[in-house]
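Asker: Starting from these lines, generate the structure:
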Amino acid sequence: MDLRARGAWVAAVAAAAGTALTLRVLVRGGGYGVVVPRLTWYLPLAVIGAVALLAALGFGGARITPVVWLGTVVMAAIAWNFLVFFFRMGFGAFSGVLMSLPPTRGVDFRDGLYLPGRAFSNAGSAWPPLTIWIGKAFGVFSLHTGYVLQIVILVCLALSTAVFSARLAQRMSVGDGLGSGASAGRELVFVMGLWMLTSFGFAFAVERGQIDLYALAFALLAVWLLLREPMSPWWPALALAASVNLKVYPAVLAVLVLWRYRWKALVPLLVTNAALLLVAGPTNLQRFVAGQDALQGRGSGGWWGNMSALSTAEVLRSAGGAWATWFGYALLALSAGVWGVTMIALLRRGWSPRRAVIAAAACVPVMCTVTPLSNDYKLVWTVLPLAVAAVLVAELWPRRHALWTVLFIALAWETLFLARSSFTVHPSLQMSKFTLLLGLQFLLLALVALGESRRAVDSSGPVARQQGGRDLEEGPAAARQDTPTEAPT
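Answerer: All right, here's what the predicted structure looks like:
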């Protein structure tokens, strides 16, 4: 076995280092409460390194694609995130691993939707006025029944958004790494669906009764409508406005609408958002605007379950670190800067359905890091960038060099740790998702830069020019038919 071939030596080093460190922790011992937190980084590194080694060596041939190997990492994440605690603590472990502590269960559904809907006032929630109407619909049920119904809706939305994200990512593919036929799409859908339903972000959203999945569904619909041709700008603008008026931060996706339609998108964006802002009357709009400072402002996020840049810096300082007061703004600028560079790299090449999907994925991490209040239930949004990154890494798989192995390890690391609970280790940087989101931003930027530097052919080629994105309707096979043989990214 030649480990130098296909960059397998990189994975071998990672697997060996993770295994050695894991054995060292086990030999030293110290009890369950000491050993498990110490293994937080080491055991996953050993597993990810081993999976990357098998993938780099092409174990199993073309039948086992990078997406299947990524699915193996998702299964490992399930075992590490949940089962290791379950075997020790029984079903009581799930209150700490999956959820926050009582009595907060359903509190956001109660205070953000149900009660404001019954009173037709967002005075107690400071949520956008559109949410009042959603709460009013739940008001025909009791609070308990409404919360149960909300859980059912969230499960359905989690599955549908995972499928939608996987389909968007898979249809933009023009490489061979995903394999061929319907099985390739099913693999990605299965992996993303499994990741979503077993992720801490989803469990936290269910525990709180949050509505991020509502906003994600409308945002994905807006992206899909942008890829349709011909299509009036009013439809994607309306879908995006619905998302923005549920959770404000998807407004960053307006960049895509403006990129696609230029000045023609201004009126649709303004009119649709204005209409939805006034949908519950001017008084509720006034309360929403006035409540934003309290909801997003000072002192709102000094804990590890808030993954914003400012909160991360605040908690680091409170933990005793000698961090300058401007450090949080430096982290914020770093995240926003990486997003800006990624968008410039995409926009300067012109519109294409493929680049639009990548740009949408690149917008997700910055949604989580820039807003001061950014709790972990927002992690459900990362299903889109993870799916897109999986496809971009898979497209490089036929080359299988050292760089591919590094990219796959980075993707597997993000996939595993973004699904991990923030409540299973003592307060430390291990619990913060900000560093993971920043890493995901750099991963997407690297994949974009690698593709552009190699002048990879994407959907701006003949297929897209003929029908304005027909490749997204006909799938990757159609795109590959009209593109050169050089492996794109």
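Asker: other SSEs contacting the helix or strand hosting residue 342?
Answerer: Assignment of secondary structure by DSSP states H and E places residue 342 within helix 327-347. Helices and strands in packing contact with helix 327-347 are listed as helix 309-318, helix 353-370, helix 434-453; criterion 3 or more CB pairs under 8 Å, 6 or more residues apart in numbering; DSSP states H and E. Where you see a C-beta, it was placed from the backbone N, CA and C, and this is true even at glycine.
Asker: same thing but 10 Å
Answerer: With contacts taken as 3 or more CB pairs under 10 Å, 6 or more residues apart in numbering; DSSP states H and E, helix 327-347 sits against helix 254-261, helix 309-318, helix 353-370, helix 434-453.
Asker: For residue 117, find the nearest of those helices.
Answerer: Of all the helices and strands packed on helix 327-347, the one in closest proximity to residue 117, counting by CB to CB, is helix 353-370 (25.5 Å).
Asker: angle of the closest one against helix 309-318?
Answerer: 40 degrees (axes from the mean of the first three to the mean of the last three CA atoms, to 10 degrees).
Asker: So for the residue nearest to the spatial centre of the chain, what's the pLDDT?
Answerer: Centroid check for the chain by CA atoms, centre = their mean gives residue 382 as the closest residue, at 0.4 Å. Predicted confidence (pLDDT) at residue 382: the value is 97.
Asker: returning to what we had before: lowest average pLDDT across the helices and strands packed on helix 327-347?
Answerer: When the helices and strands packed on helix 327-347 are compared on average pLDDT, helix 309-318 comes out lowest at a mean of 82.
Asker: by how many degrees do that helix and helix 434-453 diverge?
Answerer: Between the axis of helix 309-318 and that of helix 434-453 there is an angle of 130 degrees, by the same axes, to 10 degrees.
Asker: Show me which residues of helix 309-318 are buried.
Answerer: Of the residues in helix 309-318, those scored as buried under the neighbour-count criterion (16 or more other CB atoms under 10 Å) are 309, 310, 311, 312, 313, 314, 315, 316, 317.
Asker: for the stretch 251-400 of the chain, which spans come out with low pLDDT?
Answerer: 294-304, 319-322, 399-400 (pLDDT under 70).
Asker: hmm, try it at 80
Answerer: The stretch 251-400 of the chain contains residues with pLDDT under 80 at 292-305, 315-325, 398-400.
Asker: and the residue nearest to residue 196 when sequence neighbours are not counted, what are its phi and psi?
Answerer: Counting by CB to CB, 6 or more residues apart in numbering, the nearest residue to residue 196 once its immediate chain neighbours are dropped is residue 162, at 4.1 Å. For residue 162, the backbone dihedrals (degrees, to the nearest 10) come out as phi -60, psi -40.
Asker: Quick one, grab the pLDDT at the spatially closest residue to residue 56 that is not a sequence neighbour.
Answerer: Leaving aside its chain neighbours, residue 56 sits nearest to residue 8 (4.1 Å; criterion: CB to CB, 6+ apart). Among the per-residue scores, residue 8 holds a pLDDT of 88.
Asker: Residue 8 contacts residue 53, doesn't it?
Answerer: Yes - counting by CB atoms under 10 Å, residue 53 is a contact partner of residue 8 at 5.7 Å.
Asker: ok, back up a step: and the helix holding residue 342, which residues are buried?
Answerer: Applying a neighbour-count criterion of 16+ other CB under 10 Å, one finds 327, 328, 331, 332, 335, 338, 339, 342, 343, 345, 346 buried in helix 327-347.
Asker: Check the offset of that helix from the chain's centre.
Answerer: What separates the centre of helix 327-347 from the centre of its chain is 17 Å, taken as CA atoms, centre = their mean, to the nearest Å.
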